[in-house]
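> show me the folded form of this:
(one chain, ligands or ions: 2)
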Amino acid sequence: MTKRPWWQSAVLYQIYPWSFQDSDGDGIGDLRGIENRLDYLVDLGVDAIWLSPIFPSPMADFGYDVADYCGIDRRFGMLADFDSLLASAHARGLKLLLDFVPNHSSDQHPWFVESRSSCDNPKRDWYIWRDAAPGGGPPNNWISDFGGPAWTWDAATGQYYYHAFLKEQPDLNWRNPELRAAMLDVLRFWFARGVDGFRIDVLWHIVKHADFPDNPINPDWDPATGEMNRVFQLHSTDQPEVHDIAADMRAVADAFGREGDDRVLIGEIYLPVERLMRYYGRHGEGVHLPFNFQLIDAPWDARHLARMIADYETALPPGGWPNWVLGNHDRPRSATKRGSAQARVAAMLLLTLRGTPTLYYGDELGMENGDIPPDRVRDPRELREPGLGLGRDPVRTPMAWDDSPHGGFTTGEPWLPLGAGWQKRNVAGELADPASMLSFHRALLAIRRTSPALTIGSIRLIETAGAVLAYEREQDGERMVIALNLSDTPVSVDLPHGTPLLSTLGDLPARAPSLLRPDEGLILKVDTPA
Ligand code: GLC
Ligand code: MG
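Ligands and ions are numbered 1, 2, ... in the order given. You can find the predicted model right below:
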């Protein structure tokens with residue numbers, strides 16, 4: 001029998017490199033900083049880290065504008081620092097994933113510099129160039145995800161180029177075989193160096209309709225949601241051809257994988273569930289994990305969540321492994337969205353549902369969205385469409401390690417201010433407090449790691465009423481019941497006989513309590529007949 005791939009039972013941890021740990025006093029996190037903090041991650045109990053982009057970049061979009069896919073940005077260190085980090089991670093049994101940004105490069109990438117140099121440059125077709133519309137103006141009505149037109153005029157060569165994001169992020173043309181081969185070589189470069197996998201940026205964006213028709217207008221557009229929603233991205237995203245490309249990437253990953261050393265691909269895809277499922281591939285030849293972001297925005301209602309979990313499980317293709325996410329570097333912090341008490345319930349949900357969970361750095365401390373004074377705003381999303389709450393700086397503030405100046409994150413001036421409350425909400429302080437969010441996460445992860453039911457077991461939703469969400473996980477006769485009170489009032493429950501292992505409230509209730517306290521989530525190990 002082949003062994004189950006490591007990533008199915010793993011807990012992933014996303015590091016935003018700018019904000020994890022600075023080692024050289026420039027106020028920006030770096031690879032040595034991360035290496036110095038690996039023991040923290042081992043003690044926390046996660047299995048793999050995913051680093052948001054660390055490649056050379058002008059940082060127009062904080063690294064999601066890559067100028068060299070096979071190097072390390074000087075702010076973060078050098079290739080030797082990367083090799084050292086990878087070796088240290090592996091020595092501790094931690095896997096390491098990088099962030100592959102295939103939809104677009106930086107406009108400073110030598111490929112784009114060549115491409116824009118003339119209409120007959122061999123790399124012209126590596127990007128997406130089109131003539132102006134017959135009456136002048138952009139070739140179609142597509143809108144950048146960051147607001148404004150998705151086409152920028154290049155006066156020197158008399159054509160427009162397409163960019164789904166900033167004009168500093170021209171989209172690559174995946175219909176060009178040479179570009180495609182060059183990008184697959186990027187994966188090989190890092191796999192050969194030993195990385196364990198990739199998170200793939202905006203995977204559903206990478207192929208566009210071959211004829212570039214106008215996108216349909218959204219009649220119900222609410223300007224408060226940003227200009228991108230003025231049209232439906234019908235022709236600019238999620239084209240059928242994307243699946244062949246995902247399969248090509250998967251074949252590269254599989255070619256490097258060995259039993260016990262599988263390489264994993266995780267696709268960033270914001271789509272409704274039925275369309276999301278196609279990214280597993282018809283026969284499992286797509287990415288291993290199309291990110292499932294539903295928990296981030298889900299209405300915090302037990303019935304709704306139960307239906308969402310059931311529908312997602314039902315929609316999974318044969319062999320498709322589930323995954324869950326509570327937050328990332330683009331979305332609101334869980335502790336802010338759900339409030340600090342329910343953030344614990346949310347964490348218990350994330351870490352006990354069936355499938356691979358991804359934790360966002362700092363969520364284990366209960367970090368909240370930071371307040372960014374106007375003169376410290378860095379995110380282009382906020383700068384281009386200010387005041388709509390679309391900016392992402394608040395969820396990217398530096399990690400606080402202790403109560404020394406700047407939380408021990410840097411000896412210099414941090415690139416973004418630390419979030420309010422860091423003097424208390426920091427690693428050292430929370431480690432010393434058994435009731436802290438961090439202590440709760442450590443306990444939760446410790447229970448999860450040693451429980452086959454929680455890591456790889458089946459899931460069965462339990463019929464409940466009111467604000468209670470409950471389910472059972474089972475594996476090899478081990479049964480765990482998870483019961484979550486999504487409200488701040490007590491609720492009665494009917495639980496099987498068993499031993500409570502962990503409560504979001506810290507102290508453990510009696511065996512199989514008949515009541516869940518306000519904001520209480522409980523893991524119960526069900527008695528099995530002797
Ligand atoms: C992804 C990234 C986001 C970035 C965008 C463009 O959504 O997560 O941070 O701005 O792609 O690369
Ligand atoms: Mg630094």
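> point out where this structure drops to low pLDDT.
Using pLDDT under 70 as the threshold, the predicted model of the chain has low-confidence ranges 1-2, 530.
> quick one, domains of it?
Structural domains of the chain, as assigned by automatic domain parsing, span the residue ranges 6-104+176-444, 110-162, 458-526.
> compare these and give me the one nearest ligand 1.
For the domains of the chain, the distance to ligand 1 is smallest for domain 6-104+176-444, at 3.3 Å, taking Cβ to the nearest ligand atom. C-betas here are computed from N, CA, C, even on glycine.
> the closest one near ligand 2 anywhere?
Yes. Judged by Cβ under 5 Å from the ion, domain 6-104+176-444 comes into contact with ligand 2 through 22, 24, 26, 28, 30.
> show me how far that domain is from its chain's centre.
Using Cα atoms, centre = their mean, to the nearest Å, the distance from the centre of domain 6-104+176-444 to the centre of the chain it belongs to is 3 Å.
> so does that domain get close to ligand 1?
Yes. Residues of domain 6-104+176-444 are located near ligand 1 by Cβ under 6 Å from any ligand atom, namely 61, 64, 101, 201-202, 268, 329-330.
> quote the end-to-end distance of that domain.
In domain 6-104+176-444, first residue to last residue: 19 Å (Cα to Cα, to the nearest Å).
> wait, isn't Gly362 in contact with Arg396?
No. With contact taken as Cβ atoms under 8 Å, Gly362 and Arg396 are classed as non-touching, separated by 9.5 Å.
> between those two, who's got more neighbours?
With neighbours defined as other Cβ atoms under 10 Å, Gly362 and Arg396 compare such that Gly362 has more, 27 against 24.
> could you pick out the buried ones from the residues of domain 6-104+176-444 next to ligand 2?
Judged by neighbour count, with 16 or more other Cβ atoms under 10 Å as the criterion, the buried members of those are 22, 28, 30.
> kindly reformat the residues you listed as a markdown table containing secondary structure.
Compiled in a markdown table, these are given as follows (DSSP: H, G, I helix; E, B strand; the rest coil):
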| residue | secondary structure |
| --- | --- |
| Asp22 | coil |
| Ile28 | coil |
| Asp30 | coil |
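> in a markdown table: the residues you listed, plus distance to Pro139.
As requested, those are exported to a markdown table (distance: Cβ to Cβ, whole Å):
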| residue | distance to Pro139 |
| --- | --- |
| Asp22 | 44 |
| Ile28 | 38 |
| Asp30 | 41 |
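> number of residues surrounding Arg449?
Other residues within reach of Arg449 by the criterion other Cβ under 10 Å amount to 15.
> what residues are up against it?
Contact analysis of Arg449 by Cβ atoms under 8 Å, 6 or more residues apart in numbering lists 45, 455.
> and what of His304?
With Cβ under 8 Å, 6+ apart as the criterion, the residues that contact His304 are Ala298.
> return the helix ranked longest in the chain as PDB; C-alpha atoms alone will do.
Counting by DSSP state H, the longest helix found in the chain is helix 177-193. In PDB, the C-alpha atoms belonging to helix 177-193 read as follows (Å, rounded to 0.1, in the frame of the first residue of the first chain):
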ATOM      1  CA  PRO A 177       4.600  27.300 -25.600                       C
ATOM      2  CA  GLU A 178       8.000  28.800 -24.900                       C
ATOM      3  CA  LEU A 179       6.700  30.900 -22.000                       C
ATOM      4  CA  ARG A 180       4.900  27.800 -20.700                       C
ATOM      5  CA  ALA A 181       8.100  25.800 -20.800                       C
ATOM      6  CA  ALA A 182      10.100  28.600 -19.100                       C
ATOM      7  CA  MET A 183       7.700  28.800 -16.300                       C
ATOM      8  CA  LEU A 184       7.600  25.000 -15.700                       C
ATOM      9  CA  ASP A 185      11.400  25.200 -15.500                       C
ATOM     10  CA  VAL A 186      11.000  27.600 -12.600                       C
ATOM     11  CA  LEU A 187       9.200  24.900 -10.700                       C
ATOM     12  CA  ARG A 188      11.900  22.500 -11.600                       C
ATOM     13  CA  PHE A 189      14.600  24.900 -10.300                       C
ATOM     14  CA  TRP A 190      13.100  25.100  -6.900                       C
ATOM     15  CA  PHE A 191      12.000  21.500  -6.700                       C
ATOM     16  CA  ALA A 192      15.600  20.500  -7.500                       C
ATOM     17  CA  ARG A 193      16.800  22.700  -4.600                       C
END
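> give the buried residues for it.
Within helix 177-193, the residues that qualify as buried by neighbour count (16+ other Cβ under 10 Å) are 179-180, 183-184, 186-187, 190-191.
> Asp65 touches Asp73, doesn't it?
No. Shown here, Asp65 and Asp73 do not form a contact pair, counting by Cβ under 8 Å, at 10.9 Å.
> give me the common contacts of those two.
57, 59.
> which residues touch the residue nearest to the spatial centre of the chain?
To find the centre residue of the chain, average its C-alpha atoms and take the closest one (Cα atoms, centre = their mean): that gives Asn328, at 4.8 Å. By Cβ under 8 Å, 6+ apart, Asn328 lies in contact with 14, 293, 296, 358, 360, 395.
> and the helices in the stretch 201-350 of the chain, which stretches?
Per DSSP state H, counting those that start in this stretch, the stretch 201-350 of the chain carries helices over the ranges 242-256, 273-277, 294-297, 302-315, 334-338, 340-352.
> the stretch 51-200 of the chain now?
Secondary structure of the stretch 51-200 of the chain (DSSP H, counting those that start in this stretch): helices at 79-91, 110-115, 177-193.
> what's the angle between the longest one and helix 242-256?
What that stands for is helix 177-193. Inter-element angle recorded for helix 177-193 and helix 242-256: 30 degrees (by axes from the mean of the first three to the mean of the last three Cα atoms, to 10 degrees).
> helix 177-193 vs helix 79-91, what angle?
Using the same axes, to 10 degrees, helix 177-193 lies at 60 degrees relative to helix 79-91.
> mind giving me the packing neighbours of helix 177-193?
helix 79-91, strand 95-100, helix 242-256 (3 or more Cβ pairs under 8 Å, 6 or more residues apart in numbering; DSSP states H and E).
> now what about that helix, what contacts it?
Counting contacts by Cβ under 8 Å, 6+ apart, the residues outside helix 177-193 that touch it are 69-70, 82-83, 86, 98, 100, 102, 111, 125-126, 172-174, 198, 245, 248-249, 252-253, 256, 263.
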